[in-house]
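Chemist: Show me how the following folds:
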Amino acid sequence: MRTFCNPILLDCERPDPFIARFEGRYYLWATHPQLLCHSSLNLIDWQSEGPTVAAGTFGNLVPFAPEVIRWEGTYYLYTSPSGTGHWVLASDTPTGPFRVVKKDLARHLDGSPFVDDDGQLYFYWADDRGIMGCRMLDPVTPDQDLLVHPTTIGWTEGPQIIKEEGLYYLTYCGNHFLSKGYRIYCAVAASPLGPFAPVQEGPLLVHTEGSSVGLGHCSTVKAPDLTYHYLCYHNLNADRSRDLNLIPIFFSDGAVQLLDYRIDEQPAPLLPTYGSEPMAGSLPIEWEASPLSPGMRRSKTRFTLDSAVVEAIIVAHTLPFIIHAGPLRLECRSADALHLSSDEGSTTCRLPHPLTLGGAHSLLLETDLSILSLTFDAMVVARIPMGALTPAPIECSADLEVLHLQVTEARPTRPLSTMVRPLPIARAQNGPSYLAASTGGSYLFHRFVRDASGVHIEGSVHRLKKGVQRCPIETARLVIHPKAPRRVYAKKFSPRGSYGKYLFGSPWMSSTRIEAVIRRNQLAAGGSFGLVFRATESSEGGEGRDRVLGIDFFLGYSLMISSNTIILSKHRYDRETLAACFHSLHLGRPIKITIAVEGYHITAIVDGRYELHYDDEADPLLYGRVGLRLEAALVDWADITVACND
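Modeler: Prediction:
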């Protein structure tokens with residue numbers, strides 16, 4: 001099995017990466033004065049294609065976040081030079097040279113074009129309100145602007161739309177790109193212009209510790225075998241440069257799962273079973289004259305196509321032409337229609353735009369045991385029933401030029417279950433078959449069990465070796481992380497400043513009893529002080545130094561005391577109140593706080609008199625550090641002890 005490690009390109013020139021797939025090949029662009037391009041067959045091995053625009057095209061401006069689409073045979077590149085509105089450029093090839101066709105598309109920054117599978121073009125961008133969008137009358141003419149996804153997380157940017165199984169998924173990024181807490185969100189809608197709703201509370205991807213931080217400005221592209229997707233994003237290096245990273249992502253019924261950030265060795269993207277281009281891991285496709293059909297040629301291989309994906313890039317020089325495999329038959333008799341048939345049905349479909357003789361067009365056939373779907377130039381044009389298939393060669397008219405052909409046989413119906421899952425797994429996910437541990441040792445498995453009385457979490461400890469291994473618990477929703485190495489952690493703080501998060505202890509503490517005494521000094525109007533627990537992925541606001549803006553920038557829980565209220569909250573780079581009560585505490589005296597957390601049960605006791613209880617059953621955060629949190633408050637000292645009960 002071939003493997004790779006993130007980041008992939010270590011040339012530090014991959015900010016705001018965008019990857020698109022044209023004619024069986026991937027192309028990568030990023031923010032750069034000359035919009036450098038790289039290409040690849042497998043998403044791992046990249047070769048330079050050089051600059052795609054002439055030097056000086058943008059003057060003293062830097063073209064931000066380029067994205068490229070193919071529209072009726074022409075490639076259009078959209079970019080926001082130094083964030084001052086958008087330019088549109090065009091080229092006959094994805095590698096350029098691109099020429100400017102419009103400079104005044106406006107609409108702030110990070111524009112993202114999207115061509116729906118019915119041929120309609122849309123455009124999305126970011127501004128102070130959130131994510132905006134509009135229909136496009138053509139590649140350079142926008143229709144009415146709409147706010148498609150208002151956001152409340154601060155500045156957002158980098159939108160992109162992915163359509164899967166009839167739903168529209170919007171990915172976008174939060175806050176400053178130079179912050180370790182730069183992060184990715186996702187929302188979903190039934191129509192391309194919304195309204196969009198978050199697929200989950202909080203970020204889809206965030207990581208603030210270690211060498212892989214500041215993960216964001218993403219794009220999404222199909223894997224080489226065309227059965228699942230990869231999320232492509234950059235990480236922030238210590239010198240503020242950025243590199244390319246890839247992780248698998250899966251969309252299903254409005255939900256999204258991804259295999260989290262990884263910098264250790266991981267399996268390379270899956271390749272097609274057969275391919276016309278030389279790729280290690282794919283079998284070659286060879287042609288021969290058809291002995292039974294004059295004027296036809298056929299593949300030497302017989303393909304099993306009853307659950308498969310077939311992609312072809314063709315150039316027709318004459319009409320009609322025919323492509324068939326067993327009972328599956330595609331015939332083009334005129335430039336504006338295709339006839340598709342199987343042993344169970346047939347249809348004649350009008351093409352969204354005419355087939356151009358001598359021009360390249362893409363065909364995608366997908367089968368799933370009972371339905372055959374045909375996509376022409378990225379637009380779905382037909383779906384018909386089909387019966388059982390036996391292995392058969394692919395045959396086509398001898399004068400039909402096939403620039404690219406690939407076949408993925410026996411595509412998995414649940415590809416996520418076939419993937420190796422990196423640890424930790426922070427949010428409950430269904431039944432991973434294989435795990436990848438970066439270090440060996442004791443790991444806590446939180447198993448979610450549902451019975452007549454509701455959902456319960458059962459904890460167990462398992463020894464894992466370093467590397468890939470079969471999961472010891474299957475067919476269950478699991479959260480998995482290393483076991484905290486110590487039983488007791490203690491820390492005394494004497495913080496300076498009125499805002500901040502001061503964390504300590506193991507990041508893997510789960511079931512704990514926290515005892516704290518805090519001596520308050522001053523409390524501003526609306527201010528509060530208290531504890532955070534099960535806290536991970538902490539960062540500050542702005543470029544990473546703004547403690548006021550970043551007061552909620554972490555994943556975890558807090559128990560805070562204001563002038564008259566005790567509040568238990570959940571934080572996912574925002575704040576959600578879980579429980580609260582009024583108090584009459586004497587805030588000038590040291591205050592004792594006790595917090596007990598086990599599974600999704602939280603109990604907090606303040607000064608022995610005030611109790612808050614909450615069961616965070618739906619989506620609990622199950623591990624993390626403990627610490628002091630100040631919001632417009634001064635504290636003389638805080639003495640905190642944590643006992644781990646796992």
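
Chemist: Relative to the whole chain's centre, how far out is stretch 390-408?
Modeler: On the basis of CA atoms, centre = their mean, to the nearest Å, stretch 390-408 is displaced by 33 Å from the centre of the chain it belongs to.

Chemist: Just the endpoints, please. Distance across that stretch?
Modeler: Terminal residues of stretch 390-408 are spaced 15 Å apart (CA to CA, to the nearest Å).

Chemist: average model confidence for it?
Modeler: Summarised as a single mean, pLDDT over stretch 390-408 is 93.

Chemist: Check stretch 615-629 too.
Modeler: Here the average pLDDT along stretch 615-629 is 95.

Chemist: in that stretch, what counts as buried?
Modeler: 616, 620-629 (16 or more other CB atoms under 10 Å). Placement of C-beta: from N, CA and C, glycine included.

Chemist: And stretch 125-138, what's buried?
Modeler: 125-127, 130-136.

Chemist: Actually, stretch 600-607.
Modeler: In terms of neighbour count (16+ other CB under 10 Å), stretch 600-607 has its buried residues at 600, 602, 604-607.

Chemist: Dump those into TSV; add distance to Glu157, pLDDT and secondary structure as well.
Modeler: Output for those, formatted as TSV (distance: CB to CB, whole Å; pLDDT from 0 to 100; DSSP: H, G, I helix; E, B strand; the rest coil):
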residue	distance to Glu157	pLDDT	secondary structure
Tyr600	34	95	coil
Ile602	35	98	strand
Ala604	37	98	strand
Ile605	43	98	strand
Val606	40	97	strand
Asp607	45	96	coil
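
Chemist: Would you reformat those as JSON lines and include distance to Ser40?
Modeler: Below are the buried residues of stretch 600-607 laid out as JSON lines (distance: CB to CB, whole Å):
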{"residue": "Tyr600", "distance to Ser40": "43"}
{"residue": "Ile602", "distance to Ser40": "47"}
{"residue": "Ala604", "distance to Ser40": "52"}
{"residue": "Ile605", "distance to Ser40": "57"}
{"residue": "Val606", "distance to Ser40": "57"}
{"residue": "Asp607", "distance to Ser40": "62"}
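
Chemist: Closest one to Glu409 out of those residues, please.
Modeler: Proximity of these to Glu409 (CB to CB) peaks at Tyr600, which lies at 43.1 Å.

Chemist: wait, the closest one sits on Gly459?
Modeler: No: Tyr600 lies out of contact with Gly459 (CB atoms under 8 Å); the separation is 11.5 Å.

Chemist: Can you pull out the low-pLDDT segments for the protein?
Modeler: Along the chain, the parts satisfying pLDDT under 70 run over 10, 412-418, 431-432, 475.

Chemist: Could you list the domains of it?
Modeler: 17-261, 274-408, 419-482, 488-644 (automatic domain parsing).

Chemist: With respect to Ile8, which of the ones you listed lies nearest?
Modeler: Comparing the domains of the chain by CB to CB, domain 17-261 comes nearest, at 4.8 Å.

Chemist: which ones are touching the one residue sitting closest to the centre of the chain?
Modeler: The chain has Leu231 as the residue nearest its centroid, 4.5 Å off, counting by CA atoms, centre = their mean. By CB atoms under 8 Å, 6 or more residues apart in numbering, the contact list for Leu231 reads 171, 184, 205, 218-220, 246-249, 258.

Chemist: and the host helix or strand of Trp637, what other elements does it pack with?
Modeler: Secondary structure assignment for Trp637, by DSSP states H and E: strand 625-644. For strand 625-644, the contact count by 3 or more CB pairs under 8 Å, 6 or more residues apart in numbering; DSSP states H and E identifies strand 488-493, strand 499-504, strand 512-536, strand 555-561 as packing neighbours.

Chemist: Now do it and strand 499-504, the angle between them.
Modeler: 30 degrees (axes from the mean of the first three to the mean of the last three CA atoms, to 10 degrees).

Chemist: now strand 625-644, how far from the chain's geometric center?
Modeler: 34 Å.

Chemist: CA-only coordinates of that strand in CSV, if you can.
Modeler: Extracted C-alpha coordinates of strand 625-644, given in CSV (Å, rounded to 0.1, in the frame of the first residue of the first chain):
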residue,chain,number,x,y,z
ARG,A,625,-7.2,20.2,29.8
VAL,A,626,-8.4,22.2,32.8
GLY,A,627,-7.7,25.8,33.7
LEU,A,628,-8.7,29.3,34.7
ARG,A,629,-10.7,31.6,32.5
LEU,A,630,-11.1,35.4,32.9
GLU,A,631,-13.4,37.7,31.1
ALA,A,632,-13.2,41.4,32.2
ALA,A,633,-12.0,40.2,35.6
LEU,A,634,-8.9,40.4,37.8
VAL,A,635,-7.9,37.5,40.0
ASP,A,636,-5.2,37.5,42.7
TRP,A,637,-4.7,33.7,42.6
ALA,A,638,-6.4,30.4,41.7
ASP,A,639,-5.4,27.0,43.2
ILE,A,640,-6.7,24.1,41.1
THR,A,641,-6.4,20.3,41.6
VAL,A,642,-7.6,17.7,39.2
ALA,A,643,-8.1,14.0,40.0
CYS,A,644,-8.5,11.7,37.0
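
Chemist: Can you tell me, leaving aside adjacent residues, what's nearest to Ala398?
Modeler: Arg297 (5.0 Å; CB to CB, 6 or more residues apart in numbering).

Chemist: So the one you found is in contact with Ala289, correct?
Modeler: Yes: look at Arg297 against Ala289 with CB under 8 Å: they come within range, at 5.5 Å.

Chemist: between those two, which one's more packed in?
Modeler: Neighbour count, other CB atoms under 10 Å: between Arg297 and Ala289, Arg297 has more, with 18 against 11.

Chemist: so what does the helix or strand containing that one touch, helix or strand wise?
Modeler: For Arg297, the host element (DSSP H and E) is strand 296-299. If contacts are counted by 3+ CB pairs under 8 Å, 6+ apart, strand 296-299 sits against strand 287-289, strand 395-397.

Chemist: contacts for the first one?
Modeler: Here strand 287-289 makes contact (CB under 8 Å, 6+ apart) with 296-300, 398.

Chemist: who does that strand pair up with?
Modeler: strand 296-299 (antiparallel) (DSSP bridges).

Chemist: Quick check: buried residues in the strand it pairs with?
Modeler: Buried residues in strand 296-299 (16+ other CB under 10 Å): 296-299.

Chemist: Which of those sits closest to Pro51?
Modeler: Ser299 (38.5 Å).

Chemist: Could you measure from the closest one over to Ala289?
Modeler: Ser299 sits 12 Å away from Ala289, taking CB to CB, to the nearest Å as the criterion.

Chemist: How about Lys300?
Modeler: 11 Å.

Chemist: can you pull out the helices in the chain?
Modeler: For the chain, helices defined by DSSP state H do not occur.

Chemist: List the residues that contact Pro248.
Modeler: 223, 228-231, 258-259, 269, 416, 419.

Chemist: cool, Ser241 as well?
Modeler: Per CB under 8 Å, 6+ apart, neighbours of Ser241: 12-13, 15.
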